[in-house]
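>>> For reference, the sequence and a predicted model appear below.
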Amino acid sequence: VAMKMTTPVIMSKDDENTAEFMSFVLPSKYWVDPQVAPQPLPESGVTLQRRSSEDRAIIMFGGYASKNEVEKRKKELLSVVKKDENWTLLNENNASVDILQYNDPFTPPWRRLNEASVKVVLNDTSGK
């Protein structure tokens, strides 16, 4: 299946921050019935997974998603969310930040789009 590069490649870790995963979002025509999606080759290590919707805080950045740049953006994102009174990190003590990359490897740095993303929950502000 050919996918447009407007769909991000998502780099994430499991809940324990031990295993790393690379994910792709399949086109929406496969969302209703995942059985019609192209099936991975046997023993390829590739699986199809359905993910539920979730609230996320996101910070966008350009250029290459180098290790140093990713660490800088992760710290920046976590700092902003911790200061926000409306949102709380889902796993505050062990928040896993995903990196989303939208461009093919041949896109020049000044045209690249990346995002750092973390799960958040809306605080109950009804008592205020």
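Right, received. Where do you want to start? Small disclaimer: the values here were computed from a predicted structure and weren't measured.
>>> Determine which residue lies closest to the centroid of this structure.
With distances taken as Cα atoms, centre = their mean, residue 98 lies nearest the centre of the chain, 4.0 Å away.
>>> what's near enough to touch that one?
Residue 98 is in contact with 10-12, 116-118, counting by Cβ atoms under 8 Å, 6 or more residues apart in numbering. Bear in mind the C-beta positions are built from the backbone N, C-alpha and C, glycine included.
>>> what's the answer for residue 14, then?
Residue 14 neighbours (Cβ under 8 Å, 6+ apart): 21, 96.
>>> what's the answer for residue 59, then?
73, 76-77, 80, 115-116.
>>> Neighbour count, secondary structure and distance to residue 94 added to the residues you listed, as JSON lines?
As requested, the contacts of residue 59 are exported to JSON lines (neighbours: other Cβ atoms under 10 Å; DSSP: H, G, I helix; E, B strand; the rest coil; distance: Cβ to Cβ, whole Å):
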{"residue": "73", "neighbour count": "19", "secondary structure": "helix", "distance to residue 94": "18"}
{"residue": "76", "neighbour count": "13", "secondary structure": "helix", "distance to residue 94": "18"}
{"residue": "77", "neighbour count": "21", "secondary structure": "helix", "distance to residue 94": "15"}
{"residue": "80", "neighbour count": "13", "secondary structure": "helix", "distance to residue 94": "18"}
{"residue": "115", "neighbour count": "19", "secondary structure": "strand", "distance to residue 94": "20"}
{"residue": "116", "neighbour count": "25", "secondary structure": "strand", "distance to residue 94": "16"}
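>>> How much space separates residue 106 from residue 66?
Distance, residue 106 to residue 66, using Cβ to Cβ, to the nearest Å: 17 Å.
>>> do residue 56 as well
According to Cβ to Cβ, residue 56 and residue 66 sit 22 Å apart.
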